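K.L.:
fold the following for me, if possible:
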Amino acid sequence: MQAEMPESSSRQPNDTAVTARPPRNRPLIAGIIVLVLVCIGLGVGGMALYNYLSTPANNSAVTKRPSSGKDGNKIVTQEEADISSVAEKVSPSVVSVLTTSQSDSFFGTAEQDGAGTGIIVGKNGYVMTNKHVVQGANTVSVVLSDGTSYDDVQVIGTDPLNDVAFLKIPNVSNLPTVELGDSTTIRVGQQVVAIGNSLGQYQNTVTSGIISGTGRPVSAQAGSSVENLTDLIQTDAAINPGNSGGPLLNLQGQVIGINTATVEDAQGIGFAIPIGATKGILKGVLAGNGVRRAYLGVNYVPITADVAQHYKLSVKQGAYVYNGNQAAVVSGSPAAKAGLRAKDVVTKVNGLAVGQRGSLSTLVGEYAPGDTIELTVLRGGQTLTLKVTLASYNS
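P.N.:
Numbering: from 1, shown residues only. Down below sits the predicted model:
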């Protein structure tokens, strides 16, 4: 930009020439004006450049996210709140159990991966799972719900009479543990929640359902081996491969069963071991005594209406001490020492009705070797009370 200079005067003939001299300060004023105008120009231009660079190419208004009005997802029923509460409480104590095993064939040795679920039962790294999850495994790893992984997990022992195993994560402390409930007071129709590593890839999957039945006998096949399980809890909460060893929970978030089996050709039929059957062994495990199962020393038949009719029994529930032509009471066993005889009917264990509150094996399983229990026994027309000090099972 250039400042205007004063016009020169035109000179007419015969006029005296006069040299015009501009005021002495006018060039300074002109310079100031020039500088101010330049600064203003730079400022305006700079702002225009800034606005150009900072404005998106698309100056259209941002489209608002469509709203469906009132959000129905925020309406929480009591049932939903209960299930969410259980999942939030228990999930940190549910782990994924990963195994590797080797099998030999005509083509050589092949390595197989396996997956199941477990529950943390001791802050210092004790985990309970199914025996069939870790049976034959060369390596066992445990993955917590937050993704923390532990290798070189030790299998410290298995229940000789049930599908239960105990693991130990090395060098840990203050792990979140589950709360064990009472499986003797469960009822058909009771709402339950299952959590597990479904299909070995969907960690801590939460499903819900009800208790469909109790006292169910099942022949469970794991690989080439078949295990006869008794007194199982039946549920329609979805249980899939990989859920094995996970918890079946009441709505207080207490473990009432260990999920163990499904029926392949059925829908909505799964089974869990009553948690009471594991409590005696767990007591010893947490005390550092290893896996030791309480032993009574009898063979018996669970009494049903058909059994009662067949053997002409006066009761329709209990345990009939009978083993065909073989010894019903093992010689030298705690039962023999307490005076239990063949064809006795055990109706109660420490006041809990056998059959109604669990099988004889499950009710005895709540105690550890060395504990003394009281049996209520029918013999002929008499009711007897026998005290039995339990021993440790030796397979």
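K.L.:
who's in contact with stretch 282-296?
P.N.:
121-122, 126, 128, 156-161, 166, 180, 280-281, 333-335, 360, 364-365, 367-369, 371, 388, 390-394 (C-beta atoms under 8 Å, 6 or more residues apart in numbering). Glycine gets a C-beta too; all of them are placed from N, C-alpha and C.
K.L.:
Ser145 and Asp344, how far apart?
P.N.:
The gap separating Ser145 from Asp344 is 48 Å, by C-beta to C-beta, to the nearest Å.
K.L.:
show me which of the two is the more surrounded one.
P.N.:
Asp344 (25 against 17; other C-beta atoms under 10 Å).
K.L.:
list the contacts of the more buried one.
P.N.:
By C-beta under 8 Å, 6+ apart, the neighbours of Asp344 are 321, 377-379.
K.L.:
so which of those residues sit within strands?
P.N.:
Counting by DSSP state E, the members of those that fall within strands are 321, 377-379.
K.L.:
drop anything exposed from the residues you listed.
P.N.:
321, 377-378 (16 or more other C-beta atoms under 10 Å).
K.L.:
just give me the closest of those to Gly136.
P.N.:
The closest of these to Gly136 turns out to be Val321 (C-beta to C-beta; 35.3 Å).
K.L.:
name the SS class of the nearest residue to Ala137 once chain neighbours are set aside, please.
P.N.:
When the adjacent residues along the chain are set aside, Ala137 lies closest to Thr99, with 3.9 Å between them (C-beta to C-beta, 6 or more residues apart in numbering). With DSSP: H, G, I helix; E, B strand; the rest coil as the basis, Thr99 sits in strand.
K.L.:
tell me where the stretch 101-250 of the chain has helices.
P.N.:
131-134 (DSSP state H, counting those that start in this stretch).
K.L.:
for it, which residues score under the pLDDT cut-off?
P.N.:
Low-confidence segments of the stretch 101-250 of the chain (pLDDT under 70): 220-227.
K.L.:
what is the burial count for the closest residue to Glu179 other than its chain neighbours?
P.N.:
Leaving aside its chain neighbours, Glu179 sits nearest to Gln254 (5.0 Å; criterion: C-beta to C-beta, 6+ apart). Residues lying near Gln254 (other C-beta under 10 Å) number 18.
K.L.:
the one 5 residues further on too?
P.N.:
The number of residues packed near Asn259 is 26, by other C-beta under 10 Å.
K.L.:
rewinding a little: tell me, how many residues neighbour the residue nearest to Ala137?
P.N.:
20.
K.L.:
isn't it up against Ala115?
P.N.:
Yes - in this structure, Thr99 is within contact of Ala115 by C-beta atoms under 8 Å, at 7.3 Å.
K.L.:
can you tell me how far the residue nearest the centre of the chain is from Arg341?
P.N.:
Residue closest to the mean C-alpha point of the chain, counted by C-alpha atoms, centre = their mean, is Val94 at 3.4 Å. Relative to Arg341, Val94 is positioned 45 Å away (C-beta to C-beta).
K.L.:
cool, Thr260 as well?
P.N.:
Thr260 is 34 Å from Arg341, by C-beta to C-beta.
K.L.:
now swap in Gln191 and tell me
P.N.:
43 Å.
K.L.:
go on, Asp236?
P.N.:
41 Å.
K.L.:
which of the two has more neighbours?
P.N.:
Set Asp236 next to Arg341 and count neighbours by other C-beta under 10 Å: Asp236 wins out with 17 against 14.
K.L.:
give me the distance between that one and Gly116.
P.N.:
21 Å.
K.L.:
likewise for Gly270?
P.N.:
14 Å.
K.L.:
now the ones in strands among the contacts of Asp344 as TSV including distance to Glu264?
P.N.:
Formatted as TSV, the ones in strands among the contacts of Asp344 follow (distance: C-beta to C-beta, whole Å):
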residue	distance to Glu264
Val321	35
Val377	41
Leu378	40
Arg379	44
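K.L.:
quick one, helices of the stretch 251-395 of the chain?
P.N.:
Under DSSP H, counting those that start in this stretch, the stretch 251-395 of the chain gives helices at 276-286, 305-310, 334-338, 360-364.
K.L.:
how about those helices, which one is nearest Leu352?
P.N.:
Minimum separation from Leu352 across these (C-beta to C-beta) falls at helix 360-364, 5.8 Å.
K.L.:
re the thing from before, next, format the contacts of Asp344 as a markdown table and append distance to Val172 and pLDDT.
P.N.:
Formatted as a markdown table, the contacts of Asp344 follow (distance: C-beta to C-beta, whole Å; pLDDT from 0 to 100):
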| residue | distance to Val172 | pLDDT |
| --- | --- | --- |
| Val321 | 45 | 97 |
| Val377 | 46 | 98 |
| Leu378 | 49 | 97 |
| Arg379 | 51 | 96 |
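K.L.:
thinking again about what came up before, among the contacts of stretch 282-296, which are in strands?
P.N.:
121-122, 126, 128, 156-158, 166, 180, 388, 391-392.
K.L.:
pull out the buried members of the residues you listed.
P.N.:
121-122, 126, 128, 157-158, 166, 180, 388, 391.
K.L.:
got the buried residues for the longest strand anywhere in the chain?
P.N.:
Secondary structure of the chain read by DSSP E shows that its longest strand is strand 202-222. Buried residues in strand 202-222, defined by neighbour count with 16+ other C-beta under 10 Å: 203-212, 214-216, 218, 220, 222.
K.L.:
could you work out the most separated pair of these?
P.N.:
Within the buried residues of strand 202-222, two members stand farthest from each other by C-beta to C-beta: Gln203 and Gly215, at 31.7 Å.
K.L.:
care to break this protein down by domain?
P.N.:
91-102+110-168, 179-286, 294-392 (automatic domain parsing).
K.L.:
okay, those domains in CSV with distance to Gln78 next?
P.N.:
Below are the domains of the chain laid out as CSV (distance: least, C-beta to C-beta, whole Å):
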stretch, distance to Gln78
domain 91-102+110-168, 20
domain 179-286, 10
domain 294-392, 29
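K.L.:
for Ala81, which of those is the nearest?
P.N.:
It is, among the domains of the chain and with distance given as C-beta to C-beta, domain 179-286, at 9.9 Å.
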